[in-house]
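>>> Could you look at this predicted model? Sequence included:
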Amino acid sequence: MAIYQITENEIKAISRTTFSESGLKEREDLQRLLKYKIEIISPDTLVVAEEFGEWDESRRRIDLLGIDKHANIVVIELKRTEDGGHMELQAVRYAAMVSTLTFDRLVDIYADYIKTNDLDLDAEASILEFLGWDEKEEDEFAQEVKIVLASAEFSRELTTTVMWLNEYGLSIRCVRMHPYESDGKILLDVQSVIPIPEIEDYQVKIREKRQKERASRSGGRDTSRYSIYFDGEQIHSHIRKSDIGFCTVQLLNDKGLIDQTAFEFLRTDNTCAFQLLKMVSEVTETNKKYNKYRVSRDPELIFNGKEYYVARNWGKESAEAFASKVSNKFPSITYKLHSD
């Protein structure tokens, strides 16, 4: 695509150039400048790391690592080449490597980035503000890893591969950056190649439809919710299964039903494979690392002067088993499972 300058007497073509001819380098120039203006290639994204790589037996590094407004991890790879090389395969490897990041680990990563770039920011507060969260929501965090590829051009082989991967549920965006030279100035034409802007909504809807169809065939990710009732009155509505233990303990405590017998019932329950009530002083580093308890919050139950957290490691089957056990023990408490 050509770019033209309209003057009083003519329409003048602006000469296209290359990054190498312009003396622009990937890391020292493109990466350095784009990290402060990332919306050019990845809207609604917060950059949290540069040259990120902390995996064993690998020297590979992600050019830019970010998070979007929906709390998805964003892997951003830059190339100044004319065909993009094999950046899509490299980015997929990176996406797999960061797919297990937790919210707390991302805060640590961003804190390092803030320090390196001499920014006057608080890492956790900045991320929460960007996401619009009052507190971290681990269950909503990093449900997807998105990939943004930015290059001077993309080969047909690369774009074909990207479109095929997107068909199978990945989210890869290809952004073409063409440099132009005019009167000693470098201009940058930025265009989305995949998805095509005019039909992006349609493409996204088609991809989501196919993902749901595949999920339906294979069982898919469990998104069920629970409502909890006390004597027929709804107390909690459409809670995540990770909150079923906490909300149950909260309800029992609010109703004054936790005597010594009830406490022992709760204290010894390990339906979700972790002790339901964990004394604050008993929480281990492993518990913290894998977010099995809400250790960032205040204690969730105080009984006989001791403070406890409530387990959150629930699967669909363990949540249903727990609900059944509680209803047998406390008939006034009932649960309703919502599959939507």
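On my side now, so go ahead.
>>> any chance you could map the strands in the stretch 51-200 of the chain?
Assigned by DSSP state E, counting those that start in this stretch, the stretch 51-200 of the chain shows strands spanning 62-68, 73-79, 145-151, 171-182, 185-194.
>>> possible to save the ones you listed as a markdown table with mean neighbour count, distance to Y335 and mean pLDDT?
All C-beta atoms are positioned from the backbone trio N, CA, C, and that covers glycine. A markdown table is the format used below for those (neighbours: other C-beta atoms under 10 Å; distance: least, C-beta to C-beta, whole Å; pLDDT from 0 to 100):
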| stretch | mean neighbour count | distance to Y335 | mean pLDDT |
| --- | --- | --- | --- |
| strand 62-68 | 23 | 34 | 93 |
| strand 73-79 | 24 | 33 | 92 |
| strand 145-151 | 24 | 33 | 93 |
| strand 171-182 | 19 | 35 | 88 |
| strand 185-194 | 14 | 44 | 86 |
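>>> closest to F103 out of those?
Closest to F103 of the strands of the stretch 51-200 of the chain, according to C-beta to C-beta: strand 62-68, at 9.6 Å.
>>> ok, back up a step: now the strands of the stretch 51-200 of the chain in CSV, with distance to K278?
Listed next are these as CSV, based on distance: least, C-beta to C-beta, whole Å:
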stretch, distance to K278
strand 62-68, 29
strand 73-79, 29
strand 145-151, 31
strand 171-182, 37
strand 185-194, 47
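>>> Nearest to H236, out of those strands?
strand 62-68 (29.1 Å).
>>> Could you tell me which ranges of the stretch 151-300 of the chain sit under the pLDDT cut-off?
In the predicted model, the stretch 151-300 of the chain carries pLDDT under 70 at residues 197-223, 286-291, 296.
>>> Break down it into its helices, ranges please.
Assigned by DSSP state H, counting those that start in this stretch, the helices in the stretch 151-300 of the chain fall at 156-167, 200-218, 244-254, 260-267, 285-289.
>>> Double-check I41 against I76; I have them as touching.
Yes - in this structure, I41 is within contact of I76 by C-beta atoms under 8 Å, at 7.2 Å.
>>> what touches both of these two?
Common neighbours of I41 and I76, using C-beta atoms under 8 Å, 6 or more residues apart in numbering, are 148, 150.
>>> ok so A321 is a helix residue?
Yes - assessed with DSSP: H, G, I helix; E, B strand; the rest coil, A321 lies in a helix.
>>> ok, it touching N270?
No - A321 lies out of contact with N270 (C-beta under 8 Å); the separation is 10.9 Å.
>>> ok, for R240, nearest residue in space, not its chain neighbours?
Closest residue to R240 apart from its sequence neighbours, by C-beta to C-beta, 6 or more residues apart in numbering: D139 at 5.5 Å.
>>> What residues of stretch 299-306 count as buried?
By 16 or more other C-beta atoms under 10 Å, the buried positions in stretch 299-306 come out as 300-301, 303.
>>> and of those, the nearest to Y226?
Checking the buried residues of stretch 299-306 one by one against Y226 (C-beta to C-beta), the nearest turns out to be E300, at 17.5 Å.
>>> was I right about that closest one contacting A311?
No - with contact defined as C-beta under 8 Å, E300 does not reach A311; the gap is 10.2 Å.
>>> Domain map for the chain?
Domain assignment of the chain by automatic domain parsing yields the ranges 3-218, 225-338.
>>> returning to what we had before: for E8, which of the strands of the stretch 51-200 of the chain is the nearest?
strand 171-182 (16.5 Å).
>>> so how far is the closest one from its chain's centroid?
Computed by C-alpha atoms, centre = their mean, to the nearest Å, the chain-centroid distance of strand 171-182 equals 25 Å.
>>> likewise stretch 232-251?
Relative to its chain's centre, stretch 232-251 lies at 25 Å (C-alpha atoms, centre = their mean).
>>> same thing with stretch 24-41?
Taking C-alpha atoms, centre = their mean, one finds the center of stretch 24-41 at 22 Å from the center of the full chain.
>>> So for that stretch, first residue to last residue, what's the gap.
End-to-end distance for stretch 24-41: 17 Å, by C-alpha to C-alpha, to the nearest Å.
>>> got a list of contacts for that stretch?
By C-beta under 8 Å, 6+ apart, the residues outside stretch 24-41 that reach it are 19, 45-47, 50-51, 63-64, 66, 76, 78-80, 148, 150, 175, 177, 179, 186, 190.
>>> how about a cut-off of 6 Å?
For stretch 24-41, contacts defined as C-beta atoms under 6 Å, 6 or more residues apart in numbering pick out 45, 47, 50, 63-64, 78, 80, 148, 150, 175, 190.
>>> which one of those residues sits closest to F230?
For those, the nearest to F230 is T45 (43.5 Å; C-beta to C-beta).
>>> Isn't the closest one up against K69?
No - using C-beta atoms under 6 Å, T45 makes no contact with K69, being 8.1 Å away.
>>> Show me which of these two is the more surrounded one.
T45 (20 against 12; other C-beta atoms under 10 Å).
>>> could you measure the more buried one against K35, distance?
Counting by C-beta to C-beta, to the nearest Å, the gap from T45 to K35 is 10 Å.
>>> Likewise for H70?
Using C-beta to C-beta, H70 is found at 21 Å from K35.
>>> distance between the ends of stretch 92-111?
25 Å.
>>> And that stretch, how far out from the chain middle?
Mean C-alpha position of stretch 92-111 versus that of the full chain (C-alpha atoms, centre = their mean) differs by 9 Å.
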